[in-house]
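J.: I'd like to go over a predicted model; first the sequence, then the structure.
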Amino acid sequence: MKKKALVSACILGEYCRYDGKTKKINAVIEALGDEYEIIPFCPEAPLFGTPRERINVVEKGDKLRIITDETDVDVTLRLEEEIEGFLEKHPAFDRIVLKSKSPSCGYKTTPVLNEAKEQLYLGSGIAANIISQHSPQIEIESELDF
């Protein structure tokens, strides 16, 4: 039985980014090779379509929220439900590779903004946070590690 790798779908070449493009990284695909069953992951596309309005991680008080860039809609709960549902369907994996800087998938590389949309610091996206709590024993990698 192959090991399982959870991988951001845009890294795999899927056209699921907010701008309708992809960020295919052949080095990631080649490194996983035949050793892993690859599980593509994108929590945004099923909810908001592709292309879509950009989202941001925004610090409001002591909480991080996911807010649409132009319309200022809080989509945090919808994304949390989507991510939790995905993890129920795919509860176990051996490796995690997520897209850096993403408001969903970025791990310690995502700009966290204040309500005036000014960058406060680099943190993690909503999915990266939930996945790291779900599987704390697995190091989260990004395309930058390949």
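T.: Here it is on my side, so go on. Numbers count the residues shown, from 1 in each chain.

J.: What are the phi and psi values at residue 82?
T.: phi -60, psi -50 (degrees, to the nearest 10).

J.: which other helices and strands contact the helix or strand hosting residue 47?
T.: Per DSSP states H and E: residue 47 is located in helix 44-48. Helices and strands touching helix 44-48, by 3 or more CB pairs under 8 Å, 6 or more residues apart in numbering; DSSP states H and E, are helix 76-89. Any C-beta I mention is one placed from the backbone N, CA and C, and that applies to glycine too.

J.: what does the helix it packs on rub up against?
T.: Helix 76-89 is contacted from outside by 41, 43-44, 46-47, 65-66, 104, 126-127, 130-131, 134, using CB atoms under 8 Å, 6 or more residues apart in numbering.

J.: Name the next helix or strand following that helix along the chain.
T.: That would be, after helix 76-89 and using DSSP H and E, strand 95-97.

J.: Geometric centre of the chain: which residue is closest?
T.: Central residue of the chain (CA atoms, centre = their mean): residue 105, 1.9 Å from the mean position.

J.: All the helices of the chain, residue numbers only.
T.: Listed in chain order, the helices of the chain (DSSP state H) span 26-32, 44-48, 76-89, 126-134.
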